[in-house]
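**Student:** After the sequence you'll find the predicted model.
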Amino acid sequence: MDLEEKLLELEKRREGIHMPHVYYGDPNKDFTLKLIKTLVENGADLIEFGIPFSDPTADGPTFQAACERALKKGITPAKCIQGIRNLRKNGLETPLIVTTYYNIPYVTGIRAFLKEIKKAGAQAIIVPDLPVEEADTLLDEGKKIGIHLILQVAPTTNKERLKKITDIASGFIYVIGVEGVTGARENLANSTLKLINRVRRYTDVPLLVGFGISKKEHAAAVVSAGANGVVVGSAYAKIYEKNLEKPEETLPEIAQLAKQIKQGCIEGYRQYLMNNR
Amino acid sequence: MELRSEGVLVLRKGRFGKYGGQYVNEILMPALIELEEAFNRYYPTPEFQGEFQSLLRDYGGRPTPLYYAKNFSELVGCKVYLKREDLLCGGSHKLNNALGQALLAKKMGKTRLITETAAGQHGLATVMAGNIFGLETEIFMGVKDMERQASNVKRMKLLGAKITPVKSGAGVLKDAVSDTLREWAACSQTTHYLMGSTVGPHPFPTIVATFQSVIGIEIKQQILKKEGRLPDAILACGSGGSNALGAFKPFIGNKDVKLYFVEGGGESLGADNSAAAFQLGKPGVLHGALMQVLQDEHGQIKPSKTRAAGLNYPGRGPEISYLCETGRVNACYTFDKEVFEAVKVMCRTEGLIPALETAHVIAYLLSHREEFGRGEVVILNYSGRGDKDLKAIMRYFYGP
């Protein structure tokens, strides 16, 4: 399904959006496919599909370890794209947002890379080390090929940059909730909620908040504050990394968390509507 | 003032040809913009220059001498001068940049410095500079490097740095840079990342090269005084390129001066045993910049390998990448074995113990004597002293 259609549909259903982030191939390909299936069956609306990179500088320890394990198993970008094809072949309709550090598309060639992920069945791309200053090529090629470049905003982003970023954003905007790197955090910072408000003043594009979101209450709080949804990544990886020998055994626990997060998104939206009546 | 790299055409801001750029997360962009503005605002002022120059002189010991190495010259057949950066306080060229950036950080109102180090020289220089300006210092260092450069770890601890061991990856410089960038993302509003080499996102490569170019400016004055002419060649070792660019920059426009950049060949050029990115790498994006970098065919960065911790980085900074691509600078390398032998030669001919990094240029000259004619004036940028490597050197020659 088209990304914008899906976002509209969720808006009509008055639900916050739940986007889990996984790194493909950790600890093996089959598990990631099962993981995505589990997540989708338990309330994932979009999937952020990570292509592992050797030096993931925006990622915290949990996802660093995930990338390292996947690369040790011989995962390559080509195998990841094959993974997307397999998901589509198996009937997955959920929009897929590819995440990768810039060197991966750079060495393939930006156009060739975008064409390949488009053909395989992806709708958008997130490149955590590509600020707007360097994004022209990817934006232009993405527009031609039909891949949204999902831009990020952060607590450090000032007015001028917010305007620049929101002006060219498409699909949705990834709001980095805290200064730092990815990773589950215990508490939601008050500043995250303020940031949502600040970004909202500049745009109607859907806002998905990530970095540190790991609980139902976090999801409910950010959605009720005006965000359209949440990104949850390391919190899921932290569950299966406890049992890397048989990660499938952790899928019920992952399903449980996915349901709770989605519930948080739904309740958050309800709260938001009440607050803004 | 526009940031401009002397003698190099800068087409786009922060670009050297296609190399350079600002490939960082949005979180860090405001800090980079703030840093560029601060550098442009403070660096040209008489006040900044006065403070910086007097520290280089009275604390650092500049100018460092240009020493005519007579015995070594007789051995290799050309006229060799050593630019004695080993005599700079701290034992290497690293203090030039650390003092400059720490002063800048202080002007910007930052309260803390973070950085990464491999040989320990940059970490040491950073905590020295941090202490002068009353800035807290945290140093990220790969666990493997902490072991092989233990004496510098002790120095940094004694000076009061917080040392954070980096266990991820191979526990070397590449991993320490990644962790410092991660830390910076969490604290960029209060903390300055004191980048140690001419790598990373713009404006770091330009700032570091500017602060290090004092080396080349002095070389020019000193050689004109001693020889009445410019040198025929300058050799410098490097990975990111800070001591090399420091020595080269004032000579980029003097086309008759041959410039040699010697990288760590490691054990051999095969099977991931090297740090020779100009021989084995290709353009790619790592740690915020497009540069020449060791990587596999899929774009995954490969670890580098050399016995010299300070050359053990898979990337070459954007400006040195560009200068080697255009042919202005010759990219060359030497192997570990030649490097250890070169240490011995320098010890016996001139009574100086070079750092393993520095020994790369000595080794290159020893094994390529035929490239340098009799009577040619050749300058080796003698970037650091070898005290930190004593254990490794002794073990190499005399066993454990």
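**Tutor:** That came through, no problem. Numbers count the residues shown, from 1 in each chain, chains lettered A, B, ... in the order given.

**Student:** Quick check: buried residues in stretch B:367-379?
**Tutor:** Neighbour counts using 16 or more other C-beta atoms under 10 Å in any protein chain shown place B:367, B:371-372, B:377-379 of stretch B:367-379 among the buried residues. In this view, the C-beta of every residue, glycine as well, is placed from N, C-alpha and C.

**Student:** helix or strand for residue 195, which one?
**Tutor:** No chain in the question, so chain A it is. Using DSSP states H and E, residue A:195 falls within helix A:190-200.

**Student:** Can you show me the helices along the stretch 201-350 of chain B?
**Tutor:** B:204-212, B:214-227, B:242-248, B:277-280, B:318-325, B:336-350 (DSSP state H, counting those that start in this stretch).

**Student:** How far does the third one sit from its chain's centre?
**Tutor:** Spelled out, it's helix B:242-248. 7 Å (C-alpha atoms, centre = their mean, to the nearest Å).

**Student:** Now do it: which elements does it pack against?
**Tutor:** Where contact means 3 or more C-beta pairs under 8 Å, 6 or more residues apart in numbering or on different chains; DSSP states H and E, helix B:242-248 is packed against helix B:94-107, helix B:204-212, helix B:214-227, strand B:233-237, helix B:318-325, strand B:377-382.

**Student:** does the lowest-mean-pLDDT helix or strand in chain B come close to chain A?
**Tutor:** Within chain B, no helix or strand scores below helix B:143-148, which has a mean of 92 by mean pLDDT, DSSP states H and E. No - Helix B:143-148 lies out of reach of chain A by C-beta under 8 Å from any C-beta of the partner chain, never closer than 15.1 Å.

**Student:** who's in contact with that helix?
**Tutor:** The contact list for helix B:143-148 (C-beta atoms under 8 Å, 6 or more residues apart in numbering or on different chains) reads B:117-120, B:153, B:163, B:165-167, B:170-173, B:176, B:309, B:312, B:391-392.

**Student:** Those in strands, which ones?
**Tutor:** Taking DSSP state E, the ones among those that sit in strands are B:117, B:163, B:165-166.

**Student:** Switch those over to CSV; also include pLDDT and distance to chain A.
**Tutor:** Converted to CSV, the ones in strands among the contacts of helix B:143-148 look like this (pLDDT from 0 to 100; distance: C-beta to the nearest C-beta, whole Å):
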residue, pLDDT, distance to chain A
B:117, 96, 18
B:163, 98, 19
B:165, 97, 14
B:166, 96, 11
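
**Student:** Pipe the residues you listed into a markdown table and attach neighbour count and distance to residue B:72 per row.
**Tutor:** As requested, those are exported to a markdown table (neighbours: other C-beta atoms under 10 Å in any protein chain shown; distance: C-beta to C-beta, whole Å):
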| residue | neighbour count | distance to residue B:72 |
| --- | --- | --- |
| B:117 | 31 | 29 |
| B:163 | 17 | 36 |
| B:165 | 17 | 38 |
| B:166 | 24 | 37 |
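
**Student:** For residue A:229, which non-adjacent residue is spatially closest?
**Tutor:** Nearest in space to residue A:229, with sequence neighbours left out and distances taken as C-beta to C-beta, 6 or more residues apart in numbering or on different chains, is residue A:17 at 2.7 Å.

**Student:** What's the local residue count around the one you found?
**Tutor:** 25 (other C-beta atoms under 10 Å in any protein chain shown).

**Student:** contacting residues for it?
**Tutor:** With C-beta under 8 Å, 6+ apart, residue A:17 has these contacts: A:7, A:10, A:45-46, A:172, A:206, A:208, A:228-230, A:265.

**Student:** Of the residues you listed, which belong to strands?
**Tutor:** Filtering the contacts of residue A:17 for strands - DSSP E - leaves A:208, A:229-230.

**Student:** residue ranges of the strands in the stretch 1-150 of chain B, please?
**Tutor:** Taking DSSP state E, counting those that start in this stretch to define them, one finds strands in the stretch 1-150 of chain B at B:15-16, B:19-20, B:66-68, B:79-84, B:112-117, B:136-142.

**Student:** For residue B:212, find the nearest of those strands.
**Tutor:** strand B:79-84 (11.9 Å; C-beta to C-beta).

**Student:** Report all helices and strands that that closest one contacts.
**Tutor:** With contacts taken as 3+ C-beta pairs under 8 Å, 6+ apart, strand B:79-84 sits against strand B:66-68, helix B:70-76, helix B:214-227, strand B:377-382.
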